[in-house]
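Undergrad: based on what follows, work out the 3D shape:
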Amino acid sequence: MSNMKAFTLLASVFVAAAATMTGTDARSDQQFVGGGVAALGGVTPSADQVEFLSSPDYIISVASSNSPSLIWETLEHGEKVECLQCIPTVAGLLYSESSETREIAAWWLRRRIFGVFGPGQVYQQTIQTLQSDTNPTRRAYAAQALGEMLDNGGIAPLATAIQNDQSPLVRAAAATALGRMNDTGNGALSTAMLDSDPSVRTAAIIAAGKVNTFTDEQTAAKLTGDSVASVRALGVALLEDLRAKDTVSSVMTLAQGDSDVSVRIAACHALGVFGDSSAQSTLQNIAQNDASTLVRDAATIALRRL
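TA: Coordinates of the predicted model:
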């Protein structure tokens with residue numbers, strides 16, 4: 001190809017890019033990645049296939065749009081855009097009614113080099129909100145934000161919230177956040193698993209299943225006697241994850257006698273995973289006599305794993 005032809009082709013690509021950027025697309029205030037359009041296999045991608053970088057002005061503008069999908073797209077495309085003036089606006093999204101917006105806002109903020117984790121800045125403000133805001137919903141959202149920011153400085157405040165906050169909404173959010181951070185909170189998750197509110201117990205059990213250092217079989221075993229069927233089922237699943245073979249007897253009791261079908265199914269499945277032959281006769285009896293076909297099937301499958 002001659003130099004003139006190469007120059008002409010290159011110019012046409014940039015003209016096409018410029019024309020697209022001046023169009024009426026909602027992203028026209030954004031910037032093309034790399035400053036232009038990359039041709040793949042000799043074919044120039046269409047405007048909707050081009051990746052954009054969000055400009056600071058665009059981030060600020062979209063943050064007030066109350067459109068979770070647009071906010072998500074804009075912040076995702078602004079991952080590497082340093083914008084100190086954007087931080088207060090995005091920080092306000094941590095308390096949006098939209099869970100998607102709260103998540104992407106925390107994701108964007110934790111990627112900042114400056115303006116978030118310094119003394120008195122957004123991260124410390126979020127901890128302060130968790131500790132002292134009078135609105136339990138805002139405290140719960142602050143707990144969620146700390147979990148999404150993945151900074152170890154939030155572990156102690158989250159653990160304290162589990163132990164001391166009067167709102168089950170906040171305690172449950174704090175437990176979930178610890179699970180997101182892959183941390184037990186120095187025993188806080190075990191505390192939450194025995195909380196007076198079932199929603200907190202539920203959140204704590206699910207969180208504990210995500211923490212690879214959680215080993216508190218003793219507390220998890222207490223869940224087999226919980227008054228709420230869904231908590232018992234989750235507790236059995238956690239014991240299964242922990243391979244807590246010392247709890248075989250308790251799990252067998254649930255498998256053959258619990259009033260809830262989902263609990264009996266979970267217990268049969270756990271017995272199969274434990275692989276303890278002492279459960280064989282119990283599972284055989286369940287496979288033949290349980291009133292639920294689903295439970296009988298679960299027991300039959302468990303027997304094949306012994």
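
Undergrad: domains of this structure: list them as residue ranges, please.
TA: 117-214, 223-306 (automatic domain parsing).

Undergrad: CSV for those, including distance to Ser65, mean pLDDT and mean neighbour count?
TA: For every residue, glycine as well, the C-beta is placed using N, CA and C. Converted to CSV, these look like this (distance: least, CB to CB, whole Å; pLDDT from 0 to 100; neighbours: other CB atoms under 10 Å):
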stretch, distance to Ser65, mean pLDDT, mean neighbour count
domain 117-214, 19, 98, 20
domain 223-306, 38, 97, 19
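
Undergrad: hmm, Asp183 is touching Val211, no?
TA: Yes - using CB atoms under 8 Å, Asp183 is in contact with Val211, at 6.4 Å.

Undergrad: overlap of the contact sets of the two?
TA: By the contact definition CB atoms under 8 Å, 6 or more residues apart in numbering, Asp183 and Val211 are jointly contacted by no residue.

Undergrad: that older thread, pipe the domains of the chain into JSON lines and attach distance to Ala105 per row.
TA: Compiled in JSON lines, the domains of the chain are given as follows (distance: least, CB to CB, whole Å):
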{"stretch": "domain 117-214", "distance to Ala105": "8"}
{"stretch": "domain 223-306", "distance to Ala105": "30"}
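
Undergrad: for Leu109, which non-adjacent residue is closest in space?
TA: Closest residue to Leu109 apart from its sequence neighbours, by CB to CB, 6 or more residues apart in numbering: Val116 at 5.1 Å.

Undergrad: isn't the one you found up against Gln125?
TA: No - no contact is recorded between Val116 and Gln125 when judged using CB under 8 Å, the distance being 9.6 Å.

Undergrad: give me the common contacts of those two.
TA: By CB under 8 Å, 6+ apart, no residue touches both Val116 and Gln125.

Undergrad: please look at Thr247 and Ala221 and confirm they touch.
TA: Yes - under the criterion of CB under 8 Å, Thr247 is in contact with Ala221, at a separation of 4.9 Å.

Undergrad: helix, strand or coil for Ser196?
TA: Of the three states, Ser196 takes coil according to DSSP: H, G, I helix; E, B strand; the rest coil.

Undergrad: tell me the spacing between it and Arg110.
TA: Noted for Ser196: a distance of 33 Å to Arg110, by CB to CB, to the nearest Å.

Undergrad: helix, strand, or coil at Pro119?
TA: Note that with three-state DSSP, the state of Pro119 is coil.

Undergrad: next one: phi and psi at it?
TA: When quoted as degrees, to the nearest 10, the phi and psi of Pro119 stand at phi -60, psi 130.

Undergrad: list the contacts of it.
TA: Applying CB under 8 Å, 6+ apart, we find Pro119 in contact with no residue.

Undergrad: what is the burial count for Gln85?
TA: The local packing of Gln85 (other CB atoms under 10 Å) involves 11 other residues.

Undergrad: isn't it up against Ile60?
TA: Yes - using CB under 8 Å, Gln85 makes contact with Ile60 at a distance of 7.0 Å.

Undergrad: and the contacts of the host helix or strand of Gln218?
TA: Under the assignment given by DSSP states H and E, the secondary-structure element containing Gln218 is helix 217-222. For helix 217-222, the surrounding residues in contact (CB under 8 Å, 6+ apart) are 190, 193-194, 205, 208, 235, 238-239, 242, 244, 246-247, 250.
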